[in-house]
Structures are given as C-alpha cells and as structure tokens.
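Participant: sequence unavailable; structure follows:
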Ligand SMILES: C[S@@+](CC[C@H](N)C(=O)[O-])C[C@H]1O[C@@H](n2cnc3c(N)ncnc32)[C@H](O)[C@@H]1O
C-alpha cells in the first residue's frame, strides 16, 4: 500500500511534499488541457467565425483521427481544412452551382473566413459585423496589454474589417498586408488574389488637428492603419499608444465602444449629415476607444473603477511628436475634469501621493466595505497596474455548479439544535464535533488546536505518509486526456473542520464558528519587491493556528472552468482557480459537470493575492464544512502554520512540482526565497 501510494505520488509530488497536492493542481491540470497551444489556436481561429469550441471539438477530433494526429495538415492554410470540414459536417457539404459559389464569396461568412486567414498568429475576441452607413464592419480586438512589468508594453489594437465595393477608402493610398494564405475557390483550388503590396511602412494617417488625410510611416502614434486586398476587403488597425493609458487604461469592450459611437452619432444626427465621412467616423472610433478605456463605466469592473486613480498617464516628457501631443492634450483635459469633479470621490477610498518619480497608490479598502475590517492596498515599489477584479466576501455560484444549500438536507445528527451559547464551553461535546473525532478543531482562544494543525501540516508536507483514495474515472486525468484518461493518481484523504451553522442552537459567537465570522486580522495587499506581483501581509503579529481568510471566488464546474480558460487570451500573468477536490475520492464517478472549483480571477476576495512559498509557507489551507452536510462543496480556509510577525508576507504552498518538465503548463519562475525552494532551475539561473 505504501509503495503504491509512493509511486502514484511520485509523478506529481516528486519533490513537492503535498501542500497543494489538491489545490496546486487547480489551475495546472485544468489549464494544462485547455492550453494545449494547438487546440487553443484552432479554437481561436474558429471563434473568429463565431463557431464556439464545443462545436469545433468533435470536428477537430475527427480530423485528428483521420490525419493520424498530423496537426500540420489541419493547421495548413490557417485551418482551411478545419473550416471546410466544419461547414461540410454542419451544413451538408459545399456549394454546387456557380451562382451559389459567387454569392458565397461575398457572404459575411466567407468574409469572416478570410479574416481568419489573414489574422493568423493573433487570438482576437471577435464581435459580429455591424452595419454603419452601408458599410459592413467586422471587428476583432486584440488585447495587447502592457504586462505590468514596466517598460513600454504593447499597444491596444483593434482590427476592423470593412467590406464594401464602393468604399471611398479604397481610393486612398493604402498599405496592403499580404494575406497569409490564399482563399479557395468553389472547386477547392487555390485562388491567388492579385494583391498589390505597397511599401511596408506606407500608411494612411489621420491628422489630429484638421482631419485631413496624408501618408506616413507606421508608428505608435498612428491613429489607424489601413490595408486591403483585391477581394474588396479593407483592414483597419486602430492604435492606442500604450504610454497614454498605462495604469489607468483598461481595454474597453469593443461592442461598448461601437455602441457608444453609434449612440453619439444617432443622437447628433451626424451619421446622415452632409459632413459625414468614414474617415472621421474611424478617427472618432479611435478616440472613443481611448476614452472608454480611460474613463468610462463601460470598462470591465475593476477595483479602481469606482474611484478613478489619478495616475500620471501623460508624462509630457515621454510624449513626443504632434500626434502624441494632440492625444496628450485630450487625455489631460479628461483627467483635469476628473480631478475637479471627482475629488470628493477619492477621499473615501484612495490616497494618492506623487513624488515626481513614483506614484504610491493607496486604496484604503479594497473590500469596499464588504468585510468587517478594511484591507488596504499599497504600492511602494513602482509602476504596476492596479489589480482588476470585483471584491466579493462570499462564494458565488457562477451558473451550473450544483451546490444544494437547504436546511432540509441537514439531518438532526448533522447539527446541534439542542445546544445554546458556546458549544466549546459545554461539558459534553455536541454533534458538530463528531466529524472531527469527537473533539472540536478550535481551541477556546479561537485557534486551530495544535494536534489538528500538525496533522494538516504533515499531510501537506509529507503526503506519502497519509491515506489516499482513488476515484474510478478521475476528473483530473480526464482533463489531461479525455479519450484515454490514465488511472487516478490518488487523492489525499484530508482533515475537514465542521462548523456549527443555522440549524444549530448555539449563537454566532460560539467557538465552533470561526470561518463563517469572516476576516478579523489586519491585512494589507502590497506589491512584492521580488516580482511576484501583489501579495498580502499582516499588519499585526498573529499567533499560530489563527484563521486568516477563506479562498473566495465563483463556484464553477470543471466544465465551465475549462471553457472559461479556452476563452481567455492565454497571456494572463497570474492564475486564480483552485479545485475543490478534497472529497473526489469518495465519489464513485464524478462527472466534469459535477466536479467543482473556485475561480477568483474576476470575482474574489483578498485570498486571491496569496503568493506561493515552497515548503515553509506560513499559511495552510483547510477544507471547512459549513452549510452543506456533504463534502462535495466546501469552504477553503487559511490558517497560520506558525507565529507571523507584523509586516511579514502571508504565503501558501501551492504544491507545484517545478521539476515536472512534461507538464503542459510551464510553472512560473518561483521567487519565494525559501531555503528549500523546489524551483531548482530558477535558483540555479
Ligand atoms: C493566486 S495569484 C497570487 C497573486 C498575484 N501575485 C497577483 O499579483 O495577483 C498566483 C500568481 O502569482 C504569482 N506568484 C505567486 N507566487 C509566486 C512566487 N513564489 N514566485 C513568482 N510568482 C509567484 C504567479 O504569477 C501566480 O500565477
């Protein structure tokens, strides 16, 4: 048995000694499957045709079987074969008559298909074609966001494909981007479009002052670049210079930008006015894009969206050239308006200090009053984007997760309805202590008892010495290889805490209600100087065994997480999902629609900032049963493993095996600084 356990663990835990043997696997396995770069690239290419991954998947599978896993044949011609196979399978084959074919060439579907071809290498989010003034516009947005590491970063770029036979733009000097693959004719043969390639830097520029149009060189300050092919397609690239938005810019939703512009034009009647020109419209689109990204409710919800951080986005010394100046003036005006009108909004939640070189951005309470204690955020290190997420103090079910919370499910033996006051001070331990062997996990001081805590730490650090259960069809293995999942590698049988709850007779101050009372310690989010991104630290000394916070996020099924990850750009610097797999071993067959996880990427609490530390982290995660009598859904709570001094960072061992070279996802370079850091490669380098 011991041997078996060891061999099962060795693959994952090799040097890892447990910890997040459950949780660390979180993102890693899920992301692992989702981020098979070739699958993702195929899905992304098809997404541009509005074909969702779930519809692509069966076609892709068939092709892989057909081509004996030869991806090159599928990827050739920028997924031409996949596109054709999809339409053949879903729409009953190709066209037969010449008329139909010609029609098809001009149809939106064909146009979109072509934009996939031209857009190889990018993974845009696609919005459907909108019709503005008789021009069919199909828009893709690439989010090349500054990675926050300082430095220039990339520009936010919008690709707009316009199809129009009498487009006035076609008369203008244009840059032609040669298509990456040639479109096919009806009979399947390749048609070589007669694209005239003009000098590569020859672009259409829009002057900020007088709206006149000239030509110039591609540069960061260009408003928009235009390209076309002889098939009547025009591609327009909207550029926002990254130096203009830096900290305060948040890529706006493109459909919001389009709606904003449309509403504006409809209101003003400009769209039908004699002054109307597509050129002006596009220039306005560029400006609206920047404006909405910098100062608008249309942005995705962020911590800083309610109280705009006035961070110096337009340091005049960095902005050169007439176009940048023009933009700078505009953004300056926007900001000064904001400074004037919104100053009272800043006082409650944010202090801003500028010392000329660095901006210290202090958010006084990232919880927006949702917790009993305020949690501040400070940046003493340098420039870094403010974290974008919505603070929630409790888990929220995203959509399909089956979490059945009902008093009717709590049997008499699963609660202590006869108790009163504090269960811990009663001479007889109540029913709620049964799950922890007849003893409560908490001491009267509200700390985890030494014995309970030591057992949890030992499980984390030496899982091979503990008991494992094996599921029949392991969801983790299915994620790695759906068709031929390997055998379950085993799940550690973890120690759970069971807290009293609503059907219990005790009061809210009962000593067996710790996690549900929420955060009580003084915590602070800070930018780590080691380059781990944001982290959390305590502002007070905290004893061993103390509850810090829960890991809060959206409750998703594995399936939902899978699709969510597929839709992400794949360029995210940090990851935030954790699996709730502490009880998977006890379920005979757990379907992906049933297996649960928490994702704190968009909605979460302070725990999303807890960084990883190998082995000797000062926090440990413990599963906690509160409102559900089974362990399918549970809470995940962090307790201190040792005494923690004020201003020390709070860390958690994610349990990553940094030596696993075969893992589909490359782990981050560990900067935990532990003497026993497992990331040997990084340590050496
Ligand atoms: C749950 S988030 C932690 C919060 C994150 N630092 C942030 O700024 O939002 C996990 C991510 O933080 C970073 N991280 C955590 N621990 C780290 C470590 N020891 N070394 C380097 N990066 C780390 C990695 O990018 C990881 O994907």
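Facilitator: Cool, the structure landed. Everything numeric here is computed off the predicted structure, so don't read it as measured data.

Participant: get me the contact residues on the protein for the ligand.
Facilitator: 387, 532-535, 573-576, 608-609, 611-612, 668, 670-672 (Cβ under 6 Å from any ligand atom). Yep, even glycine has a C-beta here, placed from its N, CA and C like the rest.

Participant: in strands only, show me the residues you listed.
Facilitator: 534-535, 611-612 (DSSP state E).

Participant: got JSON lines for those residues, with pLDDT too?
Facilitator: Shown next, in JSON lines, are these (pLDDT from 0 to 100):
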{"residue": "534", "pLDDT": "96"}
{"residue": "535", "pLDDT": "97"}
{"residue": "611", "pLDDT": "97"}
{"residue": "612", "pLDDT": "97"}
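
Participant: for the chain, give the residue positioned nearest to the ligand.
Facilitator: Closest residue of the chain to the ligand, Cβ to the nearest ligand atom: residue 533 (2.6 Å).

Participant: what sits closest to residue 670 if chain neighbours are left out?
Facilitator: Spatially, and ignoring its direct neighbours in sequence, residue 670 is nearest to residue 679 (3.5 Å; Cβ to Cβ, 6 or more residues apart in numbering).

Participant: per-residue confidence at the one you found?
Facilitator: Here, the pLDDT recorded for residue 679 equals 91.

Participant: that one and residue 673 touch, don't they?
Facilitator: No - using Cβ atoms under 8 Å as the test, residue 679 is too far from residue 673 to be in contact (10.8 Å).

Participant: these two: which is more packed in?
Facilitator: residue 679 (22 against 12; other Cβ atoms under 10 Å).

Participant: quick one: residues contacting the more buried one.
Facilitator: Counting by Cβ atoms under 8 Å, 6 or more residues apart in numbering, residue 679 makes contact with 614, 658, 667, 669-670, 672.

Participant: can you turn the buried part of the residues you listed into a PyMOL selection?
Facilitator: What follows is the PyMOL syntax selecting those of the contacts of residue 679 that are buried according to 16 or more other Cβ atoms under 10 Å:
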select buried, resi 614+658+667+670+672
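
Participant: sorry, back to before: got phi/psi on the residue nearest to residue 670?
Facilitator: phi -80, psi 80 (degrees, to the nearest 10).

Participant: poorly predicted segments of the stretch 351-500 of the chain, please.
Facilitator: Along the stretch 351-500 of the chain, segments meeting pLDDT under 70 span 351-361, 479.

Participant: which stretches of it form helices?
Facilitator: Assigned by DSSP state H, counting those that start in this stretch, the helices in the stretch 351-500 of the chain fall at 450-461, 475-480.

Participant: among the ones you listed, which is nearest residue 87?
Facilitator: Closest of the helices of the stretch 351-500 of the chain to residue 87 is helix 475-480, at 29.3 Å (criterion: Cβ to Cβ).

Participant: coming back round to it: and the helices of the stretch 351-500 of the chain, which is most packed in?
Facilitator: helix 475-480 (a mean of 22; mean count of other Cβ atoms under 10 Å).

Participant: same for that helix, what does it pack against?
Facilitator: Applying 3 or more Cβ pairs under 8 Å, 6 or more residues apart in numbering; DSSP states H and E, we find helix 475-480 packed against helix 25-34, helix 558-567.

Participant: sec struct for residue 537, please.
Facilitator: strand (DSSP: H, G, I helix; E, B strand; the rest coil).

Participant: next: residue 639.
Facilitator: strand.

Participant: quick one, what contacts it?
Facilitator: 448, 453, 456, 545-548, 619-620, 622.

Participant: as JSON lines, the residues you listed with distance to residue 75 would be great.
Facilitator: Listed next are the contacts of residue 639 as JSON lines, based on distance: Cβ to Cβ, whole Å:
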{"residue": "448", "distance to residue 75": "53"}
{"residue": "453", "distance to residue 75": "52"}
{"residue": "456", "distance to residue 75": "47"}
{"residue": "545", "distance to residue 75": "54"}
{"residue": "546", "distance to residue 75": "53"}
{"residue": "547", "distance to residue 75": "51"}
{"residue": "548", "distance to residue 75": "47"}
{"residue": "619", "distance to residue 75": "44"}
{"residue": "620", "distance to residue 75": "45"}
{"residue": "622", "distance to residue 75": "46"}
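
Participant: take these and keep only those in strands.
Facilitator: 547-548, 619-620, 622.

Participant: closest one to residue 474 out of the residues you listed, please.
Facilitator: residue 622 (22.8 Å).

Participant: is that closest one in contact with residue 640, as I believe?
Facilitator: No - here residue 622 lies out of contact with residue 640, judged by Cβ under 8 Å, at a distance of 11.3 Å.

Participant: coming back round to it: any of the residues of the chain next to the ligand buried? List them.
Facilitator: If we count by 16+ other Cβ under 10 Å, the residues of the chain next to the ligand have these buried: 387, 532-535, 575-576, 608-609, 611-612, 668, 670-672.

Participant: show me this structure divided up by domain.
Facilitator: Under automatic domain parsing, the residue ranges defining each domain of the chain are 2-33+393-514+551-642+653-684, 36-294, 316-391.

Participant: between those domains, which gets the lowest average pLDDT?
Facilitator: Among the domains of the chain, domain 36-294 carries the lowest mean pLDDT (a mean of 51).

Participant: re the thing from before, so which of the helices of the stretch 351-500 of the chain gets nearest residue 516?
Facilitator: The minimum distance between residue 516 and those falls on helix 450-461, with 17.7 Å, by Cβ to Cβ.

Participant: enumerate every residue touching the closest residue in space to residue 471 that isn't next to it in sequence.
Facilitator: Spatial nearest neighbour of residue 471, excluding adjacent residues (Cβ to Cβ, 6+ apart): residue 488 at 4.8 Å. Applying Cβ under 8 Å, 6+ apart to residue 488 gives the contacts 470-474, 476-477, 585.

Participant: closest to residue 500 out of the residues you listed?
Facilitator: residue 585 (26.4 Å).

Participant: helix, strand, or coil at residue 63?
Facilitator: At residue 63 the chain is in helix, as set by three-state DSSP.
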